[in-house]
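>>> the following comprises the amino acid sequence and a computationally predicted model.
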Amino acid sequence: MATPDQKSPNVLLQNLCCRILGKSEADAAQQFQYAVRVIGSNFAPTVERDEFLVAEKIKKELVRQRREADAALFSELYRKLGTQGILKNKWSILYLLLSLSEDPRKQSNKVSSYATLFAQALPRDAHSTPYYYARPQSLPLNYQDRSAQSAQSSCSMGSSGISSISLYALNGPTPTPQSLLPGQSYQAPGVGDCLRQQLGSRLAWTLTANQPSLQSATSKGISNAVSRGVPRSRREGDTSGSVEVTEANLVRDVLYVFQGIDGKNIKMCNSENCYKVEGKVTLSKSLRDTTSRLAELGWLHNKIRKYTDQRSLDRAFGLVGQSFCAALHQELKEYYRLLSVLHSQLQLEDDQGVNLGLESSLTLRRLLVWTYDPKIRLKTLAALVDHCQGRKGGELASAVHAYTKTGDPYMRSLVQHILGLVSHPVLNFLYRWIYDGELEDTYHEFFVASDPTVKTDRLWHDKYTLRKSMIPSFITMEQSKKVLLIGKSINFLHQVCHDQTPSTKMIAVAKSAESSKDAADLFTDLENAFQEKIDAAYFETSKYLLDVLNKKYNLLEHMQAMRRYLLLGQGDFIRHLMDLLKPELARPATTLYQHNLTGILETAVRATNAQFDNPEILKRLDVRLLEVSPGDTGWDVFSLDYHVDGPIATVFTRECMSHYLRVFNFLWRAKRMEYILTDIWKGHMCNAKLLKSIPELSGVLHQCHVLASEMVHFIHQMQYYITFEVLECSWDELWNKVQQAQDLDHIIAAHEVFLDTIIARCLLDSDSRVLLNQLRAVFDQIIELQNAQDAMYRAALEELQLRLQFEERKKQRELEGKWGVTASEDEEENRRMKEFQDSIPKMCSQLRILTHFYQGIVQQFLVLLTTSSDESLRFLSFRLDFNEHYKAREPRLRVSLGTRSRRSSHM
């Protein structure tokens with residue numbers, strides 16, 4: 001029966017590896033570790049789950065293969081598929097089809113060295129584990145080719161200082177390259193003085209001088225002497241227990257310590273976290289101090305190597321983090337190259353029996369001199385490792401960039417070289433975003449974030465945002481906002497406007513940016529070259545987007561339609577519509593039917609200049625009935641509506657349309673008050689002559705006329721304020737801003753400012769609620785006056801009609817030779833006239849009460865206006881009380897306008 005340990009996943013996996021490979025557990029250890037890493041990984045597609053993006057990739061691939069007909073067929077099939085509700089996870093199916101279309105015989109995109117990885121843009125699938133980790137160490141190595149390649153890549157990448165041998169120095173012993181053997185120049189064709197400035201190269205020239213037998217000695221190699229397998233405390237063949245240690249032995253130990261391996265006499269002290277010479281060893285103070293100073297390189301090397309080993313296996317570290325690890329690996333390779341030269345020299349001395357007394361022999365002091373520059377570089381790298389702990393993406397690039405602000409040119413050049421490598425993924429993200437609108441940021445490293453759950457109608461406002469923590473410090477906030485806007489505009493054109501054809505200027509700008517000098521431009525000329533690329537893409541993309549919105553979707557015409565219809569700018573249409581709607585809106589709100597009102601709306605359009613508008617605009621105009629409350633009439637629930645969809649809905653959002661609805665209701669109510677007062681005035685004019693025969697009504701009519709005149713003055717001043725000081729001035733500012741707008745965000749911002757301004761100055765915001773309530777109370781008093789006057793005119797006209805009929809009967813009887821009236825008829829007529837005369841004081845008292853309430857409300861309204869922070873509202877109070885009638889009654893209105901403004905500024 002199997003024990004529980006034999007059933008564990010690790011044991012079963014190890015048995016599986018051994019059975020597949022046909023090897024023992026010890027021989028299959030490397031493959032077993034790799035299998036554990038694979039099983040523990042979370043492999044997932046490195047693309048964003050964006051169905052639209054995958055479909056676009058398939059079409060681009062078909063076009064690239066010159067299969068335009070297939071691309072068109074795919075677009076049609078994909079459109080039909082979108083109308084079907086059968087498939088729920090369309091993205092996965094499209095991604096599977098895209099993956100299956102790739103040729104399995106095609107070579108992988110993985111790169112074999114960091115030099116080639118960062119000489120170009122990072123490939124998409126270079127994620128976590130570097131490629132060389134999975135390669136066995138027993139492969140034959142072509143040292144000559146690899147050293148030439150390393151020298152060439154070192155020169156091309158601008159690295160200086162410690163020279164490097166090869167990529168495999170990270171995992172195993174590094175033999176002496178052929179380029180360092182006597183009789184050969186360590187200068188690759190075309191590199192010139194670039195490599196000669198490196199410390200490893202200088203050391204190679206020094207050690208190989210006047211040593212003709214070096215080539216034969218180096219053929220033995222040092223792979224066994226410098227093995228970097230499991231760290232060990234003793235080297236094979238050495239004897240322990242020696243008290244006296246020679247300097248030659250210390251040099252050997254120091255070379256081991258340089259690689260993080262404990263020597264015979266120098267070991268890592270875990271308690272003090274440093275390399276120390278064992279206490280039983282007898283050394284002079286100078287040698288012990290020199291050894292400690294040299295051993296610091298081993299501690300720095302371990303610190304850097306530990307960071308790279310941990311992070312290189314972390315997929316979530318992202319491309320920027322892997323670039324940073326690659327830069328550290330490259331610097332360690334140069335460091336290992338120096339160590340290989342030192343080991344070859346030491347091996348040569350052992351083989352030839354060279355004594356320390358010779359001029360070319362290795363000593364601790366010479367090591368101290370030769371490792372001076374590498375120590376500075378390793379210190380800088382260790383400081384970078386400390387500063388970059390817990391950072392990723394653009395935040396890590398900012399941390400590296402912070403170390404470029406130093407006065408040491410040597411350190412600055414090193415950090416700039418590392419920053420150039422680290423910034424490649426950021427530049428790759430950036431250029432794909434601003435030229436193609438593509439965002440493949442699997443590990444959330446780029447400073448532009450995408451939310452795939454946002455629908456198309458909110459793409460501009462909510463889908464793409466700035467991830468401020470990931471903005472590199474060498475990119476300003478203004479530049480990052482432009483970058484966000486460029487890619488957002490491209491995606492808006494593709495997904496909302498359905499425009500897939502970029503302008504010719506934009507294509508030219510994109511081609512000019514595809515050069516190998518992007519990183520150099522970024523760091524050497526941030527204010528010019530890089531800024532010019534961003535500005536060129538920004539201006540061309542934004543201009544093209546605005547042209548599409550204005551010419552194809554008539555954005556400016558829709559904006560003018562909002563002004564004419566929802567803000568009552570089309571005067572003849574609004575007046576005629578109100579005349580036609582008066583009988584309908586006077587009825588209770590529950591008895592209204594929308595189709596009847598829509599027909600009246602169409603009649604008003606055909607009868608006025610509105611008929612000459614664009615049909616696209618007129619068909620969007622509609623009637624909307626608000627929620628009905630008990631007692632509401634048609635005037636309270638009627639509203640005009642304007643339907644928006646597609647790209648223009650990005651400017652006229654639901655929030656904006658709700659603001660337009662509020663403003664329309666306010667303006668419609670104010671317009672109705674003007675309409676009512678006009679009817680009141682017409683009633684005065686028409687009935688003035690008729691009612692002259694009833695002299696007892698003269699006082700009531702005069703009182704009614706005076707109150708109506710006050711209300712007319714009030715409404716006319718309010719209409720002037722709303723129409724000219726609020727709507728016209730705000731509209732003029734909006735139109736000027738729209739004409740000068742450079743991008744869609746400028747138009748949206750100007751439109752929102754326009755709406756906020758008219759909302760606030762029409763007293764519809766939360767701060768003006770008290771003022772609005774007072775104004776509505778004034779409107780209610782106007783309606784009360786209309787009702788009172790209508791009742792008075794009905795009674796007066798009825799009385800007039802009865803009197804005229806009485807006189808007519810009287811004349812008719814006199815013509816017939818009869819008495820005009822009898823005593824009973826005369827008494828009845830006098831009694832009726834007496835009743836009418838008795839009702840006149842009630843009318844007067846009703847008008848006096850109405851006047852009292854109206855003037856009290858206006859007085860309170862004026863007091864509130866004087867304390868307003870808006871200067872135009874304070875001047876409105878002056879115009880409303882032009883004859884200082886209310887000022888004489890209210891002491892608070894006697895303060896000058898200058899004093900009012902000073903008081904409001906202190907509030």
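That came through fine.

>>> low-confidence ranges, the stretch 451-600 of the chain, go.
502-528 (pLDDT under 70).

>>> need the strands for it, in chain order.
Taking DSSP state E, counting those that start in this stretch to define them, one finds strands in the stretch 451-600 of the chain at 464-466.

>>> now the helices for the stretch 601-750 of the chain?
With helices called from DSSP state H, counting those that start in this stretch, the stretch 601-750 of the chain shows them at 615-618, 634-637, 654-688, 698-720, 729-740, 744-761.

>>> include mean neighbour count, mean pLDDT and distance to residue 77 when you put the ones you listed into JSON lines, please.
Glycine gets a C-beta too; all of them are placed from N, C-alpha and C. As requested, the helices of the stretch 601-750 of the chain are arranged in JSON lines below (neighbours: other CB atoms under 10 Å; pLDDT from 0 to 100; distance: least, CB to CB, whole Å):
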{"stretch": "helix 615-618", "mean neighbour count": "14", "mean pLDDT": "93", "distance to residue 77": "31"}
{"stretch": "helix 634-637", "mean neighbour count": "19", "mean pLDDT": "93", "distance to residue 77": "48"}
{"stretch": "helix 654-688", "mean neighbour count": "17", "mean pLDDT": "93", "distance to residue 77": "34"}
{"stretch": "helix 698-720", "mean neighbour count": "17", "mean pLDDT": "92", "distance to residue 77": "59"}
{"stretch": "helix 729-740", "mean neighbour count": "15", "mean pLDDT": "96", "distance to residue 77": "41"}
{"stretch": "helix 744-761", "mean neighbour count": "18", "mean pLDDT": "95", "distance to residue 77": "32"}
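
>>> to residue 783, which of these lies closest?
helix 654-688 (6.7 Å; CB to CB).

>>> off-centre distance for the closest one?
Here the centre of helix 654-688 is set off from its chain's centre by 43 Å, with CA atoms, centre = their mean, to the nearest Å.

>>> which secondary structure elements does it sit against?
helix 571-585, strand 638-642, helix 698-720, helix 744-761, helix 769-815 (3 or more CB pairs under 8 Å, 6 or more residues apart in numbering; DSSP states H and E).

>>> which strands and helices lie in contact with the last one?
I take that to be helix 769-815. Taking 3+ CB pairs under 8 Å, 6+ apart as the contact definition, the neighbouring helices and strands of helix 769-815 are helix 654-688, helix 698-720, helix 823-866.

>>> so which of these comes closest to residue 749?
Nearest of the helices and strands packed on helix 769-815 to residue 749, taken as CB to CB: helix 654-688 at 12.1 Å.

>>> and residue 290, that's in a helix?
Yes. Note on residue 290: a helix contains this position according to DSSP: H, G, I helix; E, B strand; the rest coil.

>>> show me the helices in the stretch 1-150 of the chain, by range?
Listed in chain order, the helices of the stretch 1-150 of the chain (DSSP H, counting those that start in this stretch) span 9-21, 29-40, 51-64, 68-83, 90-100, 114-119, 143-156.

>>> give me the contact list for stretch 388-395.
316-318, 320-321, 324, 396, 399-400, 426, 443-447, 467, 469-472 (CB atoms under 8 Å, 6 or more residues apart in numbering).

>>> related to what we said a few turns ago, columns mean neighbour count, distance to residue 818 and mean pLDDT on top of the helices of the stretch 1-150 of the chain, output as JSON lines?
Listed next are the helices of the stretch 1-150 of the chain as JSON lines, based on neighbours: other CB atoms under 10 Å; distance: least, CB to CB, whole Å; pLDDT from 0 to 100:
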{"stretch": "helix 9-21", "mean neighbour count": "13", "distance to residue 818": "129", "mean pLDDT": "85"}
{"stretch": "helix 29-40", "mean neighbour count": "13", "distance to residue 818": "124", "mean pLDDT": "79"}
{"stretch": "helix 51-64", "mean neighbour count": "17", "distance to residue 818": "99", "mean pLDDT": "84"}
{"stretch": "helix 68-83", "mean neighbour count": "12", "distance to residue 818": "91", "mean pLDDT": "83"}
{"stretch": "helix 90-100", "mean neighbour count": "15", "distance to residue 818": "100", "mean pLDDT": "80"}
{"stretch": "helix 114-119", "mean neighbour count": "20", "distance to residue 818": "125", "mean pLDDT": "34"}
{"stretch": "helix 143-156", "mean neighbour count": "19", "distance to residue 818": "132", "mean pLDDT": "37"}
